[in-house]
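> predicted model and sequence below, questions to follow.
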Number of protein chains: 4
Amino acid sequence: MKTSVAILGASGYTGAELLRLISAHPRFSIDHIAAHSQAGKKVCEVLPGFASPLSDAVLAHIDDPLPQQVELVFTALPHGASANVVEACLQNGKRVVDLSADFRHADPANYEAAYGQAHPYPERLAQTVYGLSEFVRDKLPGTLLVGNPGCYPTSVLLALVPLLQSGLVDADNIIIDSKSGASGAGRAAKTELLFCDLDGGLAAYGLPRHRHVWEMEELAGSLGGQTANIRFVPHILPMKRGMLSTLHLRGRQTETWHGILASQFEHDRFARVLPEGQLPSTHAVVGSNRCDIGVSVLDTDTAVVVGCLDNLLKGAAGQALQNANLMYGWDESLGLSDTAIWP
Amino acid sequence: MKTSVAILGASGYTGAELLRLISAHPRFSIDHIAAHSQAGKKVCEVLPGFASPLSDAVLAHIDDPLPQQVELVFTALPHGASANVVEACLQNGKRVVDLSADFRHADPANYEAAYGQAHPYPERLAQTVYGLSEFVRDKLPGTLLVGNPGCYPTSVLLALVPLLQSGLVDADNIIIDSKSGASGAGRAAKTELLFCDLDGGLAAYGLPRHRHVWEMEELAGSLGGQTANIRFVPHILPMKRGMLSTLHLRGRQTETWHGILASQFEHDRFARVLPEGQLPSTHAVVGSNRCDIGVSVLDTDTAVVVGCLDNLLKGAAGQALQNANLMYGWDESLGLSDTAIWP
Amino acid sequence: MKTSVAILGASGYTGAELLRLISAHPRFSIDHIAAHSQAGKKVCEVLPGFASPLSDAVLAHIDDPLPQQVELVFTALPHGASANVVEACLQNGKRVVDLSADFRHADPANYEAAYGQAHPYPERLAQTVYGLSEFVRDKLPGTLLVGNPGCYPTSVLLALVPLLQSGLVDADNIIIDSKSGASGAGRAAKTELLFCDLDGGLAAYGLPRHRHVWEMEELAGSLGGQTANIRFVPHILPMKRGMLSTLHLRGRQTETWHGILASQFEHDRFARVLPEGQLPSTHAVVGSNRCDIGVSVLDTDTAVVVGCLDNLLKGAAGQALQNANLMYGWDESLGLSDTAIWP
Amino acid sequence: MKTSVAILGASGYTGAELLRLISAHPRFSIDHIAAHSQAGKKVCEVLPGFASPLSDAVLAHIDDPLPQQVELVFTALPHGASANVVEACLQNGKRVVDLSADFRHADPANYEAAYGQAHPYPERLAQTVYGLSEFVRDKLPGTLLVGNPGCYPTSVLLALVPLLQSGLVDADNIIIDSKSGASGAGRAAKTELLFCDLDGGLAAYGLPRHRHVWEMEELAGSLGGQTANIRFVPHILPMKRGMLSTLHLRGRQTETWHGILASQFEHDRFARVLPEGQLPSTHAVVGSNRCDIGVSVLDTDTAVVVGCLDNLLKGAAGQALQNANLMYGWDESLGLSDTAIWP
């Protein structure tokens, strides 16, 4: 008897990936698929890659009632729009993994600063687990609500948190230069996301302060135990998937950092530390739920640390499923792969 | 003293290319740039690549009056919307090169069949020159209105017309398999044209009868002298520019076809016949106004003929400028290059 | 107890895909991985995407002896080089799925015509099954040697064979225009396959007669029951994976063709016929082992039929595994997915 | 009467771009084209985009004697190999623009540290002008030898030098995160540069100290007047052209930096400072010889400055031609465009 789940917000890139992963999952069955503007259409009209019978399923509307047997809901909706839907699910007795930004902040002031609106359910935030799986495994079994991390923060925090915990990084001087594939920008029909507008183009954006900075700084504190000052410059790239964050760090005893990271993730399947001096490539992670981490020491005081993942998998749908597995006390890797798809 | 021109419809990919070419032209000066939904914005807000002062120019509205000194107007508007604008320009004493489909058909019945609406100015059609430059040079100096050919028809007709004229092609059995870069689909903000929706994707479309078939068959008659029956399957590809049409032909004396084409274009700068057996590549034409043509004879009765061009240049803006040069009696290559930009 | 397999020729694109699929297979275990020029290196030095422990495995040399427990060998070697290796495996009591061209032809004369050399083991050819899975399921359980079909022939024959069998296609006038992603050209370090040489480029090649024509014509006879005359023009495209073959066909009663194909593949998971008039896209198949087939009827006598697949999966490694599953009498879909990976 | 030039090393990406630019130049004529391993082939066999007669020219060998009328030589050869060829040209009375790294360093110790070999002609270095055009215009008319800057240093130094000169940047703490299109890696047939190996891939490389760091630090001193300590992380991207360098800077009075840069380049055609807060995109520069610079102030002490250019134009062949124009006392923009080619 499989556990019944719903996917709300299935028509975007992240939703498609949730659908793909969960439809092949050994212990979850999808009993409800909903979308907003695409409601009423068949899956095959909106998402190209599914085979029958899933391709013939009709998308419900986000506001349609959930089937009673649904236990767990994945919400992949725009921030702001997600909170109400999540609250309704919780009121309705469901557990939720929310892939929006609406439940990533424990501190509602950070949410408001980052997203320009007061949080509608601030009392929920204390009950929420920020789902950076490798660091919160013990908190997930009992939780009703997981705020699934952003893709940029995941690529950064997996590498940064252990170093912050060591106290060896200068937390006041963290520079992060991130590069993201275009799927991170979503599937809204915008001119600047058209193939011909994007292909061959490369630019920084989100300055002076991208909203993920609040998320990273908050978690640097709550997970890393440091008040961090992060300068963050994201770039969008002409590739579909893949994210690479280059952390330019200062501190001390940099020669020990590789060992700190390596021992932190020694037994992890979805966070891998490469041999010292070797640098990650999106090629080695796209299609997998793995985050690769590389360390290159420049001198005693400075090092470059790189985090690299598939923004739709470990950066979104994959980590959401990893969290869901852990919520049910299962092997976190059920339905997930640590092998990239290449070429 | 340069000749004053206007560009109407400058905010799309073809408009951008017109602007780039004509702003560097030795004998034309651009005195009016207009758009529809983007009117009121600066060029730099809509098109990324221009330097000052052109980048600072403000886009007029399509319906704004043209400056009096403007002699020639390039219209790059959607079919249907273009006809009225063109008619107003003509009434106003301007000459026009129209890049839409609205003045490509001499026979209004073909226009109506292809575009699903009666032609609003059928009497204009007889006064219009279909601007397949290499075949109509002598008609261009006196004309007021050029209907600039579609990109698919240009890539096909340059290779096909001389063979039809020879009488050696079986005109009743012409199969054309075309592949187009994505810029041919225009710059409207549609989900299916997003980078992530398009990259890595390849599909046929436009069946059973793409509207360019009427254009090709009509010109096969008027230029080639044959009643042709064309089966045409276009495909869209994940590349920005470039178009390649593969003509699967039957007929007789195929061993003479290469020579027919080679002698037809012997003195042409923008139509080049490759050595027999050598096949064109978009690499050799993108960035140039050249159409490359290759012939591979399979046997006495069958041959493959390939036409290849940059859909935004020889397939649109470049040929428009070539036609404009000829309208003024100048060297047709003014402001145009026969060298590709590679890599 | 899993069945032990070896992969010979693991360092190319097809080899990587075999390794990825089979390492996740529920009933096969990989006990030997070999390469030619890359022998002696670790998997992670040659292929980027694998996690430990597979990434740490050292590549044996092609000529190294196989472990005794190996029952089945997948050979992904260049044609010509493969035959000797396959023969040695067979002599050694192993079963083989050969992904090269060396055992695709029942008639050695065709092999010689296509590959320019006499077949070294012509007596083996009669014992070999051409592994177009959907048509030879009953022959696979007992066979020792499968000649795995080429990617172009697979994309063509799945759609063509049922129509040939119906007798409604004009077998003497078959035109096929195929488009392939670049991984089909292999991983040899050639200038013309460099990113900058290939990106944005599109060209036909292989004329007047690509070697896969012999394969297609031979199978049109043996599976389709018709002496076919195929004109075939392949094109290489700037995308990593994906293959689309556009068949321009003549015949009669074309209005029945969709039904013929639909009923042929009604119960197949890896060959899907789209609703009439709908055309396949590589987006819907890349990452899956599925071949999508579309039919567009132009008139009673002519139709366009399109076959579309992932050249590394249904066109190579995926079909090889499908065949291997059938050789062991298992569900053919073990370890294979019918869901594409998108975006 | 045009000035006669030679291009040595024409078969790579930079050589192709030199050939394209100079063949359209109003005052230079190309009288000699040479290559190394491709010598003896026609241009059209090696480079796809040229039209007759240039496409029919036969490549001489690098070591062949130069025609007497040649006054100026462009050398686009690998570092190490270039020095001897350049020296021979100079001995032979020619002027040279060398695009290799061999004459970029005034201090031979830096050359040796960066390239691992002693400089063979250290006495030449003092006579050489480092051709960062905007800063050395007055030195170019008399010079015999220009060491053309590397692409990374050009994208960095144009933005950095004026800020160093102002004394407001903390020169001891400069972090540069650069992203380069694949053509920057050259045209050697290497597996890691294949389309399928590179497309979709993104990685940092060149750590801990890429050889361009010596070049940047040396010029930070000689042009910027500061002893700089640069941490530099380059990344290679799946796009053909385009380079973007993100400078993460500390200092003081950052609110004045935009003005400093804007006034520095106020009259420059090929270095453009965008309005404050606006960030460059490769889209706006690829195909042009322009470097775009953007400034985003984070706070009084920190700012992000971005330099962006076409690595084959302002980063290589374009700047080489700009330098050549200046060597002859001509308008520096002869044969060069400040308009990008887009899409």
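Everything's here; your move. Residues are numbered from 1 along each chain as shown, chains lettered A, B, ... in the order given.
> switch to C-alpha atoms for all contacts and neighbour counts from now on
OK.
> strands of the stretch 201-343 of chain A, residue ranges please.
In the stretch 201-343 of chain A, the strands defined using DSSP state E, counting those that start in this stretch lie at A:203-204, A:230-236, A:243-250, A:271-273, A:291-297, A:302-309.
> pick the most deeply packed of these.
Greatest average neighbour count among the strands of the stretch 201-343 of chain A goes to strand A:302-309 (a mean of 28), per mean count of other CA atoms under 10 Å in any protein chain shown.
> what mean pLDDT would you report for that one?
Averaging pLDDT along strand A:302-309 yields 98.
> what's the angle from that strand to strand D:230-236?
Orientation check (axes from the mean of the first three to the mean of the last three CA atoms, to 10 degrees): strand A:302-309 against strand D:230-236 gives 20 degrees.
> name whatever forms a beta bridge with A:Ile236.
A:Ser180, A:Ala203 (DSSP bridges).
> the helices in chain A, which residues?
Secondary structure of chain A (DSSP state H): helices located at A:13-23, A:43-46, A:81-91, A:108-115, A:122-125, A:133-136, A:151-166, A:195-198, A:212-222, A:257-264, A:318-327.
> hang on, the earlier thing: closest to D:Ser333 out of the strands of the stretch 201-343 of chain A?
Smallest distance to D:Ser333 across those (CA to CA): 26.0 Å, for strand A:203-204.
> what mean pLDDT does the closest one get?
Throughout strand A:203-204, pLDDT has a mean value of 97.
> just checking, what packs against it?
Contact here means 3 or more CA pairs under 8 Å, 6 or more residues apart in numbering or on different chains; DSSP states H and E; on that basis strand A:203-204 packs against strand A:230-236.
> what angle do the strand it packs on and helix A:151-166 make?
Strand A:230-236 runs at 150 degrees relative to helix A:151-166, counting by the same axes, to 10 degrees.
> quick one: distance of strand A:230-236 to the chain centre.
16 Å (CA atoms, centre = their mean, to the nearest Å).
> relative to strand D:243-250, how tilted is that strand?
Relative orientation of strand A:230-236 versus strand D:243-250 (the same axes, to 10 degrees): 170 degrees.
> and the contacts of strand A:230-236?
Contacts to strand A:230-236, defined as CA atoms under 8 Å, 6 or more residues apart in numbering or on different chains, come from residues A:171-182, A:202-207, A:209-210, A:213, A:216-217.
> just the buried ones from those residues, in ChimeraX syntax?
A single ChimeraX command is used to select the members of the contacts of strand A:230-236 judged buried by 16 or more other CA atoms under 10 Å in any protein chain shown:
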select /A:171,174,175,176,177,178,179,180,181,182,202,203,204,205,207,209,213,216,217
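> ok, and the closest non-adjacent residue to the residue of the stretch 1-150 of chain A at minimum distance from chain D?
Distance from chain D to each residue of the stretch 1-150 of chain A (CA to the nearest CA) is smallest for A:Ala114, at 15.9 Å. Distances taken as CA to CA, 6 or more residues apart in numbering or on different chains place A:Arg211 nearest to A:Ala114, at 4.8 Å, with adjacent residues excluded.
> count the neighbours of the one you found for me.
Residues lying near A:Arg211 (other CA atoms under 10 Å in any protein chain shown) number 18.
> so it is in contact with A:Tyr115, correct?
Yes. A:Arg211 is within contact range of A:Tyr115, at 6.9 Å (criterion: CA atoms under 8 Å).
> what sits against the residue of the stretch 1-150 of chain A closest to chain D?
A:210-212, A:214.
> dump the helices of chain A into a markdown table; add mean pLDDT as well.
Formatted as a markdown table, the helices of chain A follow (pLDDT from 0 to 100):
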| stretch | mean pLDDT |
| --- | --- |
| helix A:13-23 | 98 |
| helix A:43-46 | 96 |
| helix A:81-91 | 97 |
| helix A:108-115 | 97 |
| helix A:122-125 | 96 |
| helix A:133-136 | 98 |
| helix A:151-166 | 98 |
| helix A:195-198 | 95 |
| helix A:212-222 | 98 |
| helix A:257-264 | 98 |
| helix A:318-327 | 98 |
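> which of those sits closest to A:Gly142?
Comparing the helices of chain A under CA to CA, the one sitting nearest is helix A:318-327, at 6.6 Å.
> the closest one and chain C in contact?
No. Contact of helix A:318-327 with chain C (CA under 8 Å from any CA of the partner chain) is absent, the minimum separation being 13.3 Å.
> can you put the contacts of A:Ala114 in JSON lines and add distance to A:Ser281?
Shown next, in JSON lines, are the contacts of A:Ala114 (distance: CA to CA, whole Å):
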{"residue": "A:His210", "distance to A:Ser281": "24"}
{"residue": "A:Arg211", "distance to A:Ser281": "25"}
{"residue": "A:His212", "distance to A:Ser281": "23"}
{"residue": "A:Trp214", "distance to A:Ser281": "27"}
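> identify the residue spatially nearest to the residue in the stretch 1-150 of chain A positioned nearest to chain C, adjacent ones excluded.
Relative to chain C, the nearest point of the stretch 1-150 of chain A is A:Gly49 (3.9 Å; CA to the nearest CA). Distances taken as CA to CA, 6+ apart place C:Ala284 nearest to A:Gly49, at 3.9 Å, with adjacent residues excluded.
> show me which residues of stretch A:110-124 are buried.
A:110-111, A:114-115, A:119, A:122, A:124.
> look at it and report the distance between its end residues.
15 Å (CA to CA, to the nearest Å).
> what's the answer for stretch A:237-257, then?
29 Å.
> and stretch A:306-325, by the same measure?
One end of stretch A:306-325 to the other measures 27 Å (CA to CA).
> then stretch A:21-36?
21 Å.
> again with stretch A:272-281
End-to-end span of stretch A:272-281 (CA to CA): 12 Å.
> what lies in contact with it?
By CA under 8 Å, 6+ apart, the residues outside stretch A:272-281 that reach it are A:244, A:258, A:261-262, A:265-266, A:290-297, A:306-308, D:201-205, D:207.
> how far off centre is stretch A:90-107?
The chain centre lies 14 Å from the centre of stretch A:90-107; the measure is CA atoms, centre = their mean.
> please disregard the earlier target; I meant stretch A:331-343.
The answer for stretch A:331-343 is 15 Å, by CA atoms, centre = their mean.
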